[in-house]
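A.B. asks: I need the structure of the sequence given here:
(5 chains, ligands or ions: 4)
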Amino acid sequence: MNTVSTAATPAALPRERFDFSPLALLAGLALLALPLIGSASSWATLTLAGLAMGLIVFIMASGLTLVFGLMDVLNFGHGLFIALGAFMATTVLASLSGLVHSPDLSANLLAVGTACLVGMGVAGAVGLAFERVLVRPVYGLHLKQILITMGGMIVGEELLKMQYGAQLVPITPPEGLRGALLFGDVALERFRLLAMVVGLAVLVGLLWLLNRTKLGLLIRAGVQDREMVESLGYRIRRLFIGTFVAGSGLAGLGGVLWGLYQQGVTPQIGAQLNVLIFIVIIIGGLGSTFGSFVGALLVGLVANYTGFLAPKLALFSNIALMVVVLLWRPEGLYPVARRAG
Amino acid sequence: MLKTLLSHDLPRSRVLAALVVITVLGLLATPFLFPGTKPMNVAAKALVFIVLVASYDLLLGYTGIVSFAHTLFFGIGAYGVAIASHRMGPGWDAVLLGAGAALLASLLLSLVIGLASLRVKAIFFAMITLAVASAFLTLASQLSEFTGGEDGLNFKVPELLRPATVFLDEPWFGVDVDGRLLSYYGLCAAVTVLVLLMLRIVNSPFGRVLQAIRENAFRAEAIGYRTVVYRTLSNVLAALFATLAGVLLALWLRYVGPETAMSFEIMLDILLIVVIGGMGTIYGAVIGSVLFVLAQNYLQDLMRLAQGPLADVPVLGAMTSPDRWLLWLGVLFILSVYHFPTGIVGKLRAPPVSPRSPPPEGAAAGLGRPGAGRTRRS
Amino acid sequence: FGQGKDLRIAHVYSKSGPLEAYGKQTHTGLMLGLEYATGGTMTVAGRKIVVLEKDDQGKPDVGKNLLAAAYADDKVDLAVGPTSSSVALALLPVAEEAGKILLVEPAVADSITGEKWNPFIFRTGRNSSQDAIANAVALDKPGTHIATLAQDYAFGRDGVKAFREALKSARLVHEEYLPTTTTDFTAGAQRLIDKLKGLPGRKIVFILWAGAGNPFKIADLDLKRHGIEIATGGNILPAMTAYKQFPGMEGAAYYYFGMPKNPVNEWLVARHYKQFKTPPDMFTAGGMTAGIAIVEALKKTGGDSKTAKLQAAMKGLKFQSPKGEMWFRPEDHQALQSMFHFKIKVDPAFEWGVPELVREIKPGEMNVPVRNKS
Amino acid sequence: MLQTQDLTIRFGGHVAVDRVSCAFHPGTLTAIVGPNGAGKTTYFNLISGQLPVSSGRVLLNGEDLTSLSAPQRTRRGLGRAFQLTQLFPHLTVLENVRLAVQARCGLGLRLLSVWLSHRALIDESMVLLERVRLAARANDLAASLPHGDQRKLEVALLMALQPKVYLFDEPTAGMSVDEVPVVLDLIRELKREGKHTILLVEHKMDVVRELADRIVVLHQGALVADGEPAAVMASAVVQNAYLGVAA
Amino acid sequence: MSPTLLKLAGVHTHIGAYHILHGVDLEVPEGQVTMLLGRNGAGKTTTLRTIMGLWPHSQGTIEFAGSKHRQSTPEIAQQGIAYVPESMGIFSDLSVAENLLLAARQAKRLQDLDEARLNWLFGLFPALKTFWQYPAGKLSGGQKQMVAIARALIEPRRLLLIDEPSKGLAPAIVQNLIEALRELKKQQTTVLLVEQNFAMAKALGDRVAVMDDGRVVYTGAMQELAEDEGLQQRLLGLSLGAHQ
Ligand SMILES: Nc1ncnc2c1ncn2[C@@H]1O[C@H](COP(=O)(O)OP(=O)(O)OP(=O)(O)O)[C@@H](O)[C@H]1O
Ligand SMILES: Nc1ncnc2c1ncn2[C@@H]1O[C@H](COP(=O)(O)OP(=O)(O)OP(=O)(O)O)[C@@H](O)[C@H]1O
Ligand SMILES: [Mg+2]
Ligand SMILES: [Mg+2]
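C.D. replies: Residues are numbered from 1 along each chain as shown, chains lettered A, B, ... in the order given. Ligands and ions are numbered 1, 2, ... in the order given. Okay, here's the model as predicted:
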C-alpha cells in the first residue's frame, strides 16, 4: 500500500476535557451565600430547598433541551405537556385516594409513582400526536416551529379548559409527602427529597443514554443529515418520534411533580413556566442536558438566596443570572457545538 | 408620482393591488360605511397594528432577526405618552414630550440590546429577548408609581381629540364630526406617512443590504458590509417605528396597561400577522393586520351565529362555544402557517414557475433561516 | 311609568382569559339575582330586562371598547362588571364620558371607589380594604404577634396597609412581600420564621395572596415546631381545598354558602343546588347581589332608567343580598356589607376545608375609609 | 504588495498555520498547494479576516490589517472567492452582483433613496455579468443556477469588488470537466491585466502548471517550498508528501 | 461475464415538477467496477440517489441481487449497499470516530470496530488517525471527503455507490484511493462509481455507462472507450489530454 510519510503528524488530538468551572461556580455561589445569610441552619435549609427546586425545574427543562439538542426543534408548546402531566396527577391521585390517604409511606409512593407513569404516558402519547401533526412538517424551520408549537399550545390549553374547566383543580399530595424532615434546625420538605431522587435519576438516565449508547449519536447525526443516516441503514423517523415522545414524557413527569408541589393545577400552569425553563436551558447552553442541570440548580439556588437576602431583587434574579452567565460564556455554560446556526 | 411615493415597490399582482386599494379605501371610509363605536375602534386598532407589524417585518422579514422584545418598544411609546399626559395634564406639550422621551428611551435601549446581543446566535437572541421582554413587563407592573402598575393608566388626550369636542352641530352624512373623528383621520394620516417611510427604507440601498444579510450574513461580510452595524441600525429603526405605533395606540385608547401594550400575546399576534401577510413585504403587514384584527374582533360574534345548531351536541357544542374562540384562533394560526408559507402577499405575487430552472431549494425555507450568523463555511 | 321599552343591561366580564372561572360565576349570579328580585318575571315596572354579555377577555383595552360600544351602539341603560380590577379601572372613564352607570362587581381594587372614582360608579363588590380590615378585626387580640405575607405589587401593599391600620391590639411585627411570580416560598418562609420564632404569645402569619403560586407551601417547613399559625381570608371553593390541611385556621371571608342565614341566601343555595348540583360560590353571591341592587333601584325609580334618576335612587339604597342587608354609602357609592369571621373545620363530606362561622362582622365594626376626592 | 509575517493559528493544541511568512506581488499569480489539511484554506481565512490570528501579521502595502475585521479588509482591497460557493441564494443574479458593487461604492447606508435610482450600479453589474456570460440569467434567482454558473457568479462577486488582491480557493472544485475552462479563462484575463495580486489554491496540477508564476507549498501548516513552478514541482517534498509518486 | 448484481430498467425519476431521468437502463455486474460518466447535469447523481431510494422513481424497475428493490432508504442500505454522496454528508458535530462508528452497523461501541480494517483505512487516509477525535465539521474539505469514503469502507458491503470521490483530494490520496478500490474488487466488492476525473476512471473501470439528458446513451467496456478518442469527444465533450 502506498504510504505517505506520517512521521511528523501531530499526535492524536485529545478529546475535550470535562469542564468543571460551571460546577465550581455553583459551589462558589453556595459558599459565598453562607456568610451573607449568617445562620448555618437557615443556609442549609435554603440550599437544600434550592437544589431540590432546581431538580424539579431540571426535569421539566430536560425534555425541552433534549428535543432541541437532538432534533433542533424549539418547542414553545412544551408547557402544554407539563400541564397535561399535572392534570393527570389530579386524575390519578383522585382515583387512588385510598393509597393517598394511607399512613403507609410505600402506599403513598405507589400512588405518586402511578401518577408519574400515567403523566409520562399521556404526555408522551399526546407528544406523539403533536409531532406527527404539527412538528413533522417544519423540521429545520425554526421560526415556523416557534409559531406552530405556540399555536398548538393555545389549542391544547383551550382543550384542557374544556375538559377540566378554567379554574384551579386542587391536588392533595399524599400524607407521607407533606411536612418536612428536620435535622436540628434544618428543614427539608419530604416532597423535595423525593423530587431530588427523581431528578437525579432522570439526569443519570439521560446522560447514560446520550453518551454511552449509539442512540444519542444517531439522533444527533440525524439532525444534521437525515438522508445520510438513512443511507447508512437506520430508520431515523422512529428515532425522531421516540425522542419527541421522550421529551414530552419528561415534561409530563415534571408536570406531575410540579402539580404535586403546587398542590393545584390550572391550564396555564405550563405556560407560566415557559420563561423560567427557557432561561434554564439558555444558561445551560441550549441543547446540553448536563448544562440545563447545572443551570437549573443555579436558578434554584439564586432564587432562594436572593429571596432571603433581598426579596425585592428576587423578581429579577433569574434574568440577572442569565445575563451574568452569558457575559461569561456567550453560548451558555456547556455550549453545544452546533451545525450552521 | 405614485411610483415615487411607493418607492417603486408596486404590488406587482392585480389581485394584490386590488386588495390593497380596497383595504385603504375601506379603512378611510369606515366611519361612514359602518357607523358606530366598535367598527371605528376595530379599524383604529388595525391601523396601529399596520405600523407595528411593518416595523417588526423590518426586523424579521428583511433582516432575518427573530426578536420577542418588539412589544417592549411598543409599550415604551404608549407609556411615554400616557405618563407624560398623566403627570403634566392633558395637552400637546405632554404628547410631544412623552413621545420624544419614549423615542429616546427606545433608541438607547435598542442600541444596547442590539450591540450586546446581536452577536450571539440567532436562536439565543430570540430567547434572550423573550426573557428581557418578560422582565420589562414585570417592571411595568412593579413601578406602579409611574405606570399605574397592573391597573395601567387612564389619561386625557388634548382637547382637540376628545369625543366631547364637537366641530359641526349637525352630523355629516350621519356621522358626528367630533374629536373622535378627527383622531381617527389623524391616525390614518400618521399611519400613511409611517408606512410610506418604511416602504422607502426597505427599498433603499440600505434595505437591500438587510436582505443580503438575511440571505447570507457571512457573504455580506465578505463583500464588505459590517453586519453588526446594519443589524443594529435595523434593530433601532424597528424599535423607533414600534415606539411611534405605541404613541398612536395610547392616543387612541387613552389608556395604557401592561397587558395592552407589552404582553406576550401581542407579540404572538405580531408574529402571526407577519407570517400570514407574508414576510419581507410591507404590503403583507397592511393586509395581514386588517384581516387579523377583523378576525380577532368578530370571530366570537361569528361563532355565536354559527353555534346555534351545534349548541347541544356534546363535544362539538363545547368546542364551538363562543368562549372557546381562542381555540379556533389557534387552529387558524396553525393552518395559516402551513398554508401560506410565503404569506398572502407571497402567494399572490408568486411568479409563474419557469419550466427549466429548478425551484429555489425550499423556497419556503426562507422561514427556516432566522438569520444572524447562520452560515459558516467549513 | 310609561317606558315600555326593554331595559338593557350590559354585563362586561371575562368569559375567556385567565379569570374566566370567576367571570362565569358572576354571570350566573347576576342572572339569578335578576330572577330573584323580579320574582321570576324578569320585568321591572313593566320593562323587560335584557342582559347583553360582553367578553372583555381580561384585557382592559378590549373591555374599554366593549363598554363604549355597549353604551353608544347597543344603547344599554347601565352596565355591570368587570371581573378584573385593571379592566375596571379602564372602564371608569368610559362610564363618565357616556354619562351612564357602571355597577362594579366583583373587581376589588380600592381605587375604583377611591381616587379613580366618578359619580357614575357604584360597587356591590367588597373592596380590598374591606377584606383586609375584616381579617384584621378577626385576628385582632391582645398578645398576638402577626407577620404578613403578600404579593409585591400595589395590590398586595395596599391590602397590608389597610390591614395594618385596622389592627388595634395585636402587634404587626413584619411585612414580607414576595414577587407575584414566586414559586418557591422557602426563602420567605425562612425569613418569617426568623422574625417570629422567638416571640411570646400567639404567632400568626397572615397570608394575602391572589393568583398563581401557592403560599400555603410555607406550612410544609413545619411552622408548628415554632408554634406559628397561618391565617388568611376566604376564597373560592376549589382554592379552599388547600385549607383542609389547616384545621383551626382563622380568617375573615366575603362569603361561604353555609354562613349567612337569611332568606335570600337560602333561595340562592337551594336554587343553585337544583340547577348545578353544586353550592354557590363567592362570585355567584356577588353577581346575585348586583342583580338585586339593579332591580331594587329600578323599583325605586319606577322603571325610569335615566342616569340622574338612577343615581339619585342608588345613593344610600338599602337592599337585601345573600350576605344580608347592604347599602351604597352616599360618599363613594361603595356597598357596605357584613364579612364573616371563620375557623376551618375538616369535614370528610366536603372536598374543601369548611369555614365555620365564628361571628358575623357587621359593617359598623369595620371602619372602611372613604378614599375618593369628592 | 500583500505580506504575511509569521502568520500562525492554533486550534486547541493543533497548529493549522505555522509561522508562515511570505510576500505576494502585483502582477503575479501564486499557486498554493499542499496535501489535504495542510492549512491552505485556513491561510486564506487568516488573510481575509474570517479567522482571528493567534500570532503574526497581515500587511497590505505596508498597512497592518491584522486587527481589522473581514469587511474592513475587503474595503482595503482584499477579495475572496470561497471553496464552497457563498451566494445570496434567494436574490436574483443581478442583485447578487449589484450588492457587491454597492458595497465597493460605499452606498450601503443610504436610507432614503430608492435603490433603483442608482442606475450606475445596475449598469456596471450588467457589464460584469456579460463578462462572465451570465447576463441572460440576470433576473433568475441565484439558487436556481446550475453548479457551474454558481461558481461563475461567485467569481463575478469577487470581480465586482475590484480588489487589489484576489484569493481563489479551488475555483474549479466539483465543477464538471467542460466548465473548467470558462473559469480559467477569467483568471487568465485578470492575469493579463497585470496589476493584480492573485493567489490560487488548486489540486489540479495541470491547471497549476499552466497558470502559476510561482508555487508555494504548505505542509502541516508550515511553508516548506517556494519558487519557480518547475523547480518546486520537482522537489522531493512535493513529490513525496503531495503527489505521492515516490512510494 | 459475471452475473448482474444491480439492474435498472426504464427508470423515470421526477424531482418536484421536473422530469429528470427519462428511462435509465443500467446493469452493474457483480465483482466489477462500473463507471458512470456524463456531462454536467446529465443525471448521474440523480441515478445514484434513485437507487438509494432518496428520490422515488415513478416508472421502471430496480432489481438488486435478483429480487425486487425495497422502497425505503434504510431497507435498501441494509441489503448491503454503501453510498458516498456528492455532498459528502458528514455529521459535522460528531467526531471522526463517531462518524465511522455510525457507519459500522455491527459495532455498538468504538472498541467493537474491526482493528485490521481500521488500520487499513488509516493507511489509506492517514488524516483519519490524526484527527480521530476531532469534530468532523472542522476538518478541511479534502479530509471530510476522506471521512465520507472511509464510512463506506468501514465494513464489507456488497455494492458501493460512490459519487465523485476524487474532488478536493490531493493527488497522493487519489492514488491511495485507486489502490484501495482495486483491492476491494479483488474481494468481490461491486462498485458503481461516478467520476469527472477521467484518468481515475480509466485506471479503475471495467465497464462504463455514459449518461446524457437523463438516459444511458452508451455502455461498454472501459477499455473500448479509453482507446477511442472520437467516442470520448462525442459522449463527454473532452479529449483525453484536457484537464485530467
Ligand atoms: N475552525 C477550525 N477549528 C479547528 N480546526 C480547524 C478549523 N479550521 C481548520 N482546521 C484544521 O486546520 C487544518 C487545515 O485546514 P484547511 O482547511 O486549511 O486545509 P486545506 O489545506 O485547505 O485542505 P484541503 O485541501 O483539504 O481543502 C485541518 O487539519 C483542519 O482540521
Ligand atoms: N433538487 C433538484 N431540483 C430540481 N432539479 C434538480 C434537482 N437536483 C438536480 N436537478 C436537475 O437534475 C438534472 C440532473 O442533475 P444531477 O445532479 O443528477 O446531474 P449530474 O449528472 O450528477 O451532474 P454533475 O456532474 O454536475 O454532478 C440537472 O439538470 C439538475 O438541474
Ligand atoms: Mg481547503
Ligand atoms: Mg452529480
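A.B. asks: contacting residues for C:Gln151?
C.D. replies: With contact set as Cβ atoms under 8 Å, 6 or more residues apart in numbering or on different chains, C:Gln151 has these partners: C:177-180, C:208-211. Bear in mind the C-beta positions are built from the backbone N, C-alpha and C, glycine included.
A.B. asks: pull the residues that contact stretch B:126-142.
C.D. replies: For stretch B:126-142, the external contacting residues (Cβ under 8 Å, 6+ apart) are A:146, A:275, A:278-279, A:282, A:286, A:315-316, A:318-319, A:322, A:326, B:66-69, B:71-72, B:75, B:79, B:113, B:117, B:120, B:147, B:149-150, B:258, B:262-264, B:267, B:370, C:152-153, C:179-181.
A.B. asks: may I see the ChimeraX selection of the buried members of those residues?
C.D. replies: Buried members of those, defined by 16 or more other Cβ atoms under 10 Å in any protein chain shown, are picked up in ChimeraX with:
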select /A:146,275,278,279,282,286,315,316,318,319,322,326 /B:66,67,68,69,71,72,75,79,113,117,120,147,149,150,258,262,263,264,267,370 /C:152,153,179,180,181
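A.B. asks: show me where chain D has its strands.
C.D. replies: Along chain D, the segments classed as strands by DSSP state E run D:2-11, D:14-24, D:29-33, D:55-60, D:63-64, D:78-81, D:165-169, D:197-201, D:214-219, D:222-227.
A.B. asks: among the ones you listed, which is the most enclosed?
C.D. replies: Ranked by mean neighbour count, those are led by strand D:78-81 with a mean of 26 (mean count of other Cβ atoms under 10 Å in any protein chain shown).
A.B. asks: pLDDT of it, averaged?
C.D. replies: The pLDDT scores in strand D:78-81 average 93.
A.B. asks: ok, now stretch D:202-212?
C.D. replies: Averaged over stretch D:202-212, pLDDT sits at 89.
A.B. asks: C-terminal to the lowest-mean-pLDDT helix or strand in chain B, which secondary structure element comes first?
C.D. replies: For chain B, using mean pLDDT, DSSP states H and E, the weakest element among its helices and strands is helix B:314-319, scoring a mean of 73. Counting by DSSP states H and E, the element after helix B:314-319 in chain order, helix or strand, is helix B:325-339.
A.B. asks: helices or strands up against the very next helix or strand once past that next one?
C.D. replies: For helix B:325-339, the following helix or strand on the C-terminal side (DSSP H and E) is helix B:343-349. Contacts defined by 3 or more Cβ pairs under 8 Å, 6 or more residues apart in numbering or on different chains; DSSP states H and E place helix B:343-349 against helix B:14-33, helix B:264-277, helix B:282-307.
A.B. asks: how about the ones you listed in JSON lines, adding distance to ligand 2 and mean pLDDT?
C.D. replies: Formatted as JSON lines, the helices and strands packed on helix B:343-349 follow (distance: least, Cβ to the nearest ligand atom, whole Å; pLDDT from 0 to 100):
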{"stretch": "helix B:14-33", "distance to ligand 2": "28", "mean pLDDT": "92"}
{"stretch": "helix B:264-277", "distance to ligand 2": "25", "mean pLDDT": "88"}
{"stretch": "helix B:282-307", "distance to ligand 2": "27", "mean pLDDT": "86"}
